[in-house]
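In: structure for this input, please:
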Amino acid sequence: MAVPANADILVIGGGPAGSSAAALLARRGYDVVLVDKVRHPRETVGESVLPSAWKYFDLLGVTRAVEHEGFVKKAGGVVAWGDEITQISFRDFAYGRPGLHVERAALDYLLLNNAKAAGAQILEGLRAESFITDDAGNSEVALSTGNGDRAQRVRCRFLIDATGQASFTARQFGTKQLDTDFRFVALWGYFTGSRYVSSDGIIREFEDIPDHSPMTFVSHLGGWGWAWHIPMRKETSVGIVVSVDDYKKHVGSHASLEQYFLSTCRGIEHLSRLLAPARLTSSGVRIMRDYSYAPDRIAGPGYFVIGDAAGFVDPIFSIGVVMALYSGQLAAWAIDRSLQRPVHAPAYRKLFENQMRGRYELARTMALPVSDGAGDAPDGAKMYFDFFSKSEQELMWSAASMTTRSGNLVRTASDGSAPVVLKRRQLDALRFA
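Out: Model prediction:
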């Protein structure tokens with residue numbers, strides 16, 4: 001494996017954030033190297049994609065490839081929360097293209113190959129061990145195969161940390177801070193033969209997906225817990241999110257993690273109906289603990305942090321992929337401008353930080369598991385909410401209102417009331433076709 005000694009930009013991580021940044025910078029003529037510790041295609045969670053992702057697919061030049069891939073088209077979402085079942089449809093929010101339910105292995109591989117086609121050098125099986133920066137802001141990164149081989153060093157003008165939950169730079173700086181308001185555990189697995197929910201709360205058989213687009217289905221699990229159900233082309237992604245305390249309280253009464261997961265899923269009224277004919281695949285159950293965090297530093301002289309590495313909250317509103325694509329595009333812009341006009345690099349870095357913090361604060365405000373009550377939303381969340389189009393604001397508002405977390409979003413409005421029209425439909429029940 002030929003590892004170059006120098007590059008303009010070194011990207012660590014080949015998910016949507018890293019691949020998008022690498023593609024955009026390589027297309028602008030920079031010498032870009034992207035490294036990843038694993039080899040693609042590789043499985044990861046986060047299969048629900050909002051329709052706003054299409055504008056980034058257009059920017060990256062992958063729209064036709066995504067369409068050709070034939071991912072399942074997502075019509076909207078159905079949420080069973082408390083005693084209410086509500087639905088939102090993307091067509092009500094002026095979106096001309098659907099959301100998607102994607103196999104992330106396929107989508108991420110497509111985006112990585114796009115970066116390669118744009119001119120980025122892709123090196124897999126390499127782990128970033130450490131990095132240093134000099135007074136000029138140049139970075140030197142130590143890479144290794146993880147097999148005890150001598151570390152190879154790459155000197156670059158900019159480092160992009162797109163390492164997701166691994167949080168490469170935050171761990172090196174010791175700045176990865178767990179969000180104590182989101183002490184959750186997520187468990188998930190993949191099922192074959194599951195029923196699904198289509199428009200108007202209709203329960204259909206898995207084979208009907210090509211003719212009747214599914215909704216992402218979310219179900220309340222008590223307290224702040226919830227479950228997801230995302231049908232894809234061959235399998236259905238199902239997961240539960242529970243508090244750390246609830247997990248510790250109940251997992252010990254089951255013979256295995258898989259038994260705990262299946263028992264919990266069967267105990268959720270509507271989810272159990274969908275999974276009645278389904279079988280968990282042999283790949284088993286995955287688990288992630290304390291996944292919500294925000295590092296103190298997301299940019300500095302010679303580096304930018306993007307995607308999940310720049311912060312992550314509760315994934316209840318499916319914003320992960322769009323956030324990753326947005327942050328990759330923003331970092332590419334900031335680095336390009338910084339290299340073109342070095343004297344203004346601190347200003348571009350500050351703009352990047354403000355935009356990323358604002359998006360993170362808005363996502364956190366939407367998902368924060370606290371009761372509706374007094375208190376101000378962060379200034380960044382209020383400011384950033386105004387950056388979105390009216391349609392996007394209405395979608396965020398309507399989605400948040402389907403749970404008991406909407407009081408936080410209310411406080412993003414300057415007058416404390418709903419700034420946009422609520423577009424959702426209440427359903428009497430989930431019914432079979």
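
In: where along the stretch 51-200 of the chain do the strands fall?
Out: Secondary structure of the stretch 51-200 of the chain (DSSP state E, counting those that start in this stretch): strands at 72-74, 76-81, 84-89, 99-101, 121-124, 127-133, 139-144, 152-161, 176-178, 184-192, 196-198.

In: the following helix or strand past the last one pairs with which strands?
Out: This points to strand 196-198. Sequence-wise, the next helix or strand downstream of strand 196-198 (DSSP states H and E) is strand 202-204. Here strand 202-204 is paired, per DSSP bridges, with strand 196-198 (antiparallel), strand 431-432 (parallel).

In: deepest in the core, which of those strands is it.
Out: Compared across the strands paired with strand 202-204, strand 196-198 shows the largest average neighbour count, a mean of 25 (mean count of other CB atoms under 10 Å). Every C-beta, even on glycine, is put in place using the N, C-alpha and C of the backbone.

In: domain parsing for the chain?
Out: Under the assignment automatic domain parsing, the domains of the chain span 6-47+103-178+293-356, 72-99+184-289+376-433.

In: wait, Ile122 sits on Leu34?
Out: Yes: the pair Ile122 / Leu34 is scored as a contact, 5.3 Å apart, by CB atoms under 8 Å.

In: when the two are compared, which one has more neighbours?
Out: Leu34 (29 against 18; other CB atoms under 10 Å).

In: wait, is that one part of a helix?
Out: No: counting by DSSP: H, G, I helix; E, B strand; the rest coil, Leu34 is not part of a helix but strand.

In: related to what we said a few turns ago, out of the strands paired with strand 202-204, flag the one nearest Lys423.
Out: Lys423 lies closest to strand 196-198 among the strands paired with strand 202-204, at 18.5 Å (CB to CB).

In: and that closest one, what's its mean pLDDT?
Out: Taken as a whole, strand 196-198 has a mean pLDDT of 97.

In: what of stretch 243-260?
Out: On average, stretch 243-260 scores 95.

In: now it: buried residues?
Out: 243, 246-247, 251, 260 (16 or more other CB atoms under 10 Å).

In: before we move on, what about stretch 14-33?
Out: Judged by neighbour count using 16+ other CB under 10 Å, the buried positions of stretch 14-33 are 14-28, 30-33.

In: endpoints of that stretch, how far apart?
Out: End-to-end distance for stretch 14-33: 11 Å, by CA to CA, to the nearest Å.

In: please apply the same query to stretch 227-235.
Out: Taking CA to CA, stretch 227-235 runs 17 Å from one end to the other.

In: starting at the chain centroid, how far to it?
Out: Relative to its chain's centre, stretch 227-235 lies at 16 Å (CA atoms, centre = their mean, to the nearest Å).

In: over to stretch 422-433?
Out: 26 Å.

In: kindly state the pLDDT recorded for Gly373?
Out: 45.

In: actually Asp376, sorry about that
Out: pLDDT for Asp376: 52.

In: same thing with the one 5 residues further on?
Out: At Ala381 the predicted local confidence, pLDDT, stands at 70.

In: after the helix or strand containing it, which helix or strand is next?
Out: Using DSSP H and E, Ala381 sits within helix 379-385. Counting by DSSP H and E, the next helix or strand C-terminal to helix 379-385 is helix 390-401.

In: packing partners of that next one?
Out: Judged by 3 or more CB pairs under 8 Å, 6 or more residues apart in numbering; DSSP states H and E, the packing partners of helix 390-401 are strand 84-89, helix 345-367, helix 406-410.

In: can you dump the C-alpha atoms of that helix in CSV for me?
Out: Extracted C-alpha coordinates of helix 390-401, given in CSV (Å, rounded to 0.1, in the frame of the first residue of the first chain):
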residue,chain,number,x,y,z
LYS,A,390,-40.6,27.6,4.9
SER,A,391,-41.1,24.0,3.7
GLU,A,392,-38.2,22.7,5.7
GLN,A,393,-39.3,24.6,8.8
GLU,A,394,-42.8,23.1,8.4
LEU,A,395,-41.3,19.6,8.1
MET,A,396,-39.2,20.0,11.2
TRP,A,397,-42.1,21.5,13.1
SER,A,398,-44.5,18.8,12.1
ALA,A,399,-42.1,16.0,12.8
ALA,A,400,-41.3,17.3,16.3
SER,A,401,-45.0,17.6,17.0
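
In: hmm, who's touching it?
Out: By CB atoms under 8 Å, 6 or more residues apart in numbering, the surrounding residues in contact with helix 390-401 are 52, 77, 86, 88, 90, 93-95, 317, 366, 385, 388, 406, 408-409, 418-424.

In: which among these end up buried?
Out: So, by 16+ other CB under 10 Å, the buried ones in those are 52, 77, 86, 88, 90, 93, 95, 317, 366, 385, 406, 408-409, 419-420, 423-424.

In: nearest to Met402, out of the strands paired with strand 202-204?
Out: Of these, nearest to Met402 by CB to CB is strand 196-198, at 13.5 Å.

In: can you pull the pLDDT of the residue nearest to Ser19 when sequence neighbours are not counted?
Out: Distances taken as CB to CB, 6 or more residues apart in numbering put Leu111 closest to Ser19, at 4.0 Å, once the chain neighbours are dropped. For Leu111, the pLDDT comes out at 98.

In: thought Leu111 was touching Leu59?
Out: No: with contact defined as CB under 8 Å, Leu111 does not count as touching Leu59 (11.9 Å).

In: of those two, which one has the most company?
Out: Leu111 (30 against 16).

In: show me what contacts the more buried one?
Out: Contacts of Leu111 by CB under 8 Å, 6+ apart are 16, 19-20, 23, 60, 62.

In: now the residues you listed in JSON lines, with pLDDT?
Out: Output for the contacts of Leu111, formatted as JSON lines (pLDDT from 0 to 100):
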{"residue": "Pro16", "pLDDT": "98"}
{"residue": "Ser19", "pLDDT": "98"}
{"residue": "Ser20", "pLDDT": "98"}
{"residue": "Ala23", "pLDDT": "98"}
{"residue": "Leu60", "pLDDT": "98"}
{"residue": "Val62", "pLDDT": "98"}
